[in-house]
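S.K.: Here is my input; please provide its structure:
(one chain, ligands or ions: 1)
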Amino acid sequence: MNILIMGMGYVGVTTGLVFAELGWQVTGLDTDTRKVEALSQGKLSFYEPGLDLLLQKHIASGKINFISSPEMGIRQNDIIFICVGTPSDKDGSADLQAVRGAAQSIGTFMDDYKIITVKSTVPIDTNRKLVEWVKESQIHPHPFDVVSNPEFLREGSALFDSLNPDRIIIGSDNEQAAIVIQSLYDSIKAPVFVTKPRTAELIKYASNAFLATKISYVNELARLCESLEVNVTDVTKGMGLDQRIGPHFLKAGIGYGGSCFPKDSMALLYTAKEQQVELSILERVVAVNNSQSSHFLNIWEQKIGGFSGKTIAILGISFKPNTDDLREAPALSIIQQLQHKQVNLRIHDPIAKLPEALSSDMVQQFETLEITLQQCDAVILCSEWKHYREADWLQLRALMKDYYIFDGRNTLNGQEMTKLGYAYYGIGNR
Ligand code: UDX
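M.R.: Reported below is the predicted structural model:
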């Protein structure tokens, strides 16, 4: 079986390479010819640990190739995965233009039976609409089936997650098509749940919204811990030992970001509104996340005696470590809030680059931690790169003017930092 992956973004490239690694013959399709050229030369347009090596390995093995012609891709492959983007519209709904475009291409060029599988995160009923979109574009009525197969990988650990998933969800009205898609994953050990397409679509949104709920719950709890002078990390450690709660996604911080949680929570709220159902918990989850960084900035501002006129290092601007993705990164919101207070900001990230639109005389990015921290009054740590945990903070202290550390991810050892002479403040963690 040959597999076509439509959309060479983050999910598409990872999915294609994982199928190549599992032994399948894969073609990656993107209408952006520059992207196709770069991928054909083994170059990724984003950073993801291990993926570049896998790309080079499978270009060499001949298991993957990249093309920009939908006609060729669709005619030559029996199984098609749609992995195009579904960004948020202004009203929070998911923009399905790219999914519709992919469906129309498939309808136009298919000349044989196809299994069309949707990996993109799409609102409830999109799989059903997809059938209509394909049919409308068909010149000759060739048969096809549509399968929903949502993706659960995390950026920064995409390969590990794809090869070791907690579960494989397959939604289809056609038993045979579901069996074919399931067989692609035969060499992966994971529970497979075959269900209806609508259910599969909702499982994806409900899972992301639930994880976001866990995070906002502990983030709000961290605000209470801050007042009570109780360490939130110890509280969540104790909570996580209860198997019904579990230890994951209980890490308090300056809020969740990225391409999924913010977008998917808004899309689920939009769907609920359409159905005239109130998801009041999820509404609060989003609100808590939107105010988490300003809540802690206010507390830290009191500690340092006002931010205005200070020089502050912002460490880690990506939405989490091991990625260069800045989408919905809490660090960017912190930078904007501090810009309004006339703070001199010195930015550092091991990989991510500060967007041009945010940089100015007062906001500059530097290559090394040593240069970044020169003459700073304070450090605000926004994503928990290993780089920062392993830094020589004694040596770095000598470069600073004052010694405040505001740890937005509770990732440094507070006691050690205090011993080194820093005034250390975390999130709900004195
Ligand atoms: C998420 C889901 O985990 C994944 O299953 C889905 O397919 C896509 O969305 P991702 O956005 O790549 O993956 O990263 P994730 O590790 O889930 O982190 C998301 C955000 O939550 C990050 O900003 C992270 O810093 C934050 N987070 C995570 C916390 O603040 N606390 C936690 O305990 C966990």
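
S.K.: any idea of the mean pLDDT in stretch 350-360?
M.R.: The average pLDDT within stretch 350-360 is 96.

S.K.: same question but for stretch 193-202, I mixed them up
M.R.: pLDDT averaged over stretch 193-202 gives 97.

S.K.: And for stretch 137-154?
M.R.: Over the span of stretch 137-154, the pLDDT mean works out to 96.

S.K.: For that stretch, buried residues please.
M.R.: 137, 144-153 (16 or more other CB atoms under 10 Å). Where you see a C-beta, it was placed from the backbone N, CA and C, and this is true even at glycine.

S.K.: what's the answer for stretch 402-410, then?
M.R.: Quick answer for stretch 402-410 (16+ other CB under 10 Å): 403-410.

S.K.: do the same with stretch 415-424
M.R.: For stretch 415-424, by 16+ other CB under 10 Å, it's 417, 420, 422, 424.

S.K.: starting at the chain centroid, how far to that stretch?
M.R.: Centre-to-centre, stretch 415-424 and its host chain are 32 Å apart (CA atoms, centre = their mean, to the nearest Å).

S.K.: before we move on, what about stretch 164-177?
M.R.: 22 Å.

S.K.: Please see if it touches the ligand.
M.R.: No: taking CB under 6 Å from any ligand atom as the criterion, stretch 164-177 and the ligand are apart, separated by no less than 9.0 Å.

S.K.: Can you give me the first-to-last residue distance of that stretch?
M.R.: Stretch 164-177 has an end-to-end distance of 23 Å (CA to CA, to the nearest Å).

S.K.: Let me see the residues that make contact with it.
M.R.: 115, 127, 145-150, 152-153, 178, 181-182, 185, 188, 190-201, 203-204 (CB atoms under 8 Å, 6 or more residues apart in numbering).

S.K.: Stretch 39-52 now?
M.R.: Contacting residues not belonging to stretch 39-52 are listed as 8, 10, 13-14, 17, 28, 30, 35, 38, 55-56, 59, 65-66, 155-159, 322-325, 351 [CB under 8 Å, 6+ apart].

S.K.: mind checking the longest helix of the chain?
M.R.: helix 197-228 (DSSP state H).

S.K.: Next one: that helix, is it in contact with the ligand?
M.R.: Yes: for helix 197-228, a contact with the ligand is found by CB under 6 Å from any ligand atom, at 208, 211, 215.

S.K.: Return a PyMOL selection command for the buried portion of the contacts of stretch 164-177.
M.R.: To isolate the buried members of the contacts of stretch 164-177 in PyMOL, using 16+ other CB under 10 Å:
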select buried, resi 115+127+145+146+147+148+149+150+152+153+178+181+182+185+194+195+197+198+200+201+203+204
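
S.K.: who's in contact with the nearest residue to Lys114 once chain neighbours are set aside?
M.R.: Distances taken as CB to CB, 6 or more residues apart in numbering place Phe144 nearest to Lys114, at 4.5 Å, with adjacent residues excluded. The neighbours of Phe144, taking CB under 8 Å, 6+ apart as the test, are 106, 110, 113-116, 134.

S.K.: where along the stretch 51-200 of the chain do the helices fall?
M.R.: 51-61, 70-76, 97-109, 126-137, 158-163, 175-184, 197-228 (DSSP state H, counting those that start in this stretch).

S.K.: rewinding a little: next secondary structure after the longest helix of the chain?
M.R.: helix 232-240 (DSSP states H and E).

S.K.: after that next one, next one along is what?
M.R.: From helix 232-240, the next helix or strand downstream (DSSP H and E) is helix 261-274.

S.K.: That following helix to helix 197-228, inter-axis angle?
M.R.: 120 degrees (axes from the mean of the first three to the mean of the last three CA atoms, to 10 degrees).

S.K.: So Ser359 is in contact with Gln365, correct?
M.R.: Yes: counting by CB atoms under 8 Å, Ser359 does reach Gln365; the two are 6.8 Å apart.

S.K.: Next to the ligand, which bits of the protein? Give me the list.
M.R.: So far as CB under 6 Å from any ligand atom goes, the chain lies against the ligand at 151-155, 208, 211, 215, 249-251, 253, 256-258, 260-261, 319-320.

S.K.: Dump the buried residues of stretch 402-410 to TSV, plus pLDDT and secondary structure.
M.R.: Output for the buried residues of stretch 402-410, formatted as TSV (pLDDT from 0 to 100; DSSP: H, G, I helix; E, B strand; the rest coil):
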residue	pLDDT	secondary structure
Tyr403	98	coil
Tyr404	98	strand
Ile405	98	strand
Phe406	98	strand
Asp407	98	strand
Gly408	98	coil
Arg409	98	coil
Asn410	97	coil
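
S.K.: quick check, nearest of the residues you listed to Leu241?
M.R.: Asn410 (18.1 Å; CB to CB).

S.K.: how about the residue in the chain sticking out farthest from the centre, what does it touch?
M.R.: Taking CA atoms, centre = their mean, the residue of the chain most remote from its mean C-alpha position is His140, at 39.3 Å. The contact partners of His140, taken as CB under 8 Å, 6+ apart, are Asp111.

S.K.: where does it sit relative to Ala102, distance-wise?
M.R.: When distance is defined by CB to CB, to the nearest Å, His140 is 19 Å away from Ala102.

S.K.: Not counting its neighbours along the chain, what's nearest the closest residue to the ligand within the stretch 301-430 of the chain?
M.R.: Closest approach between the stretch 301-430 of the chain and the ligand, counting by CB to the nearest ligand atom: Lys320, at 4.0 Å. Nearest residue to Lys320, sequence neighbours excluded (CB to CB, 6+ apart): Ser383, at 5.4 Å.

S.K.: what's the spacing between stretch 263-275 and its chain's center?
M.R.: How far stretch 263-275 lies from its chain's middle: 18 Å, per CA atoms, centre = their mean.

S.K.: Give me the mean pLDDT for that stretch.
M.R.: 96.

S.K.: Just the buried residues of that stretch, please?
M.R.: Buried residues in stretch 263-275 (16+ other CB under 10 Å): 263-272.

S.K.: Stretch 158-175 too?
M.R.: 158-159, 161-162, 165, 168-172.
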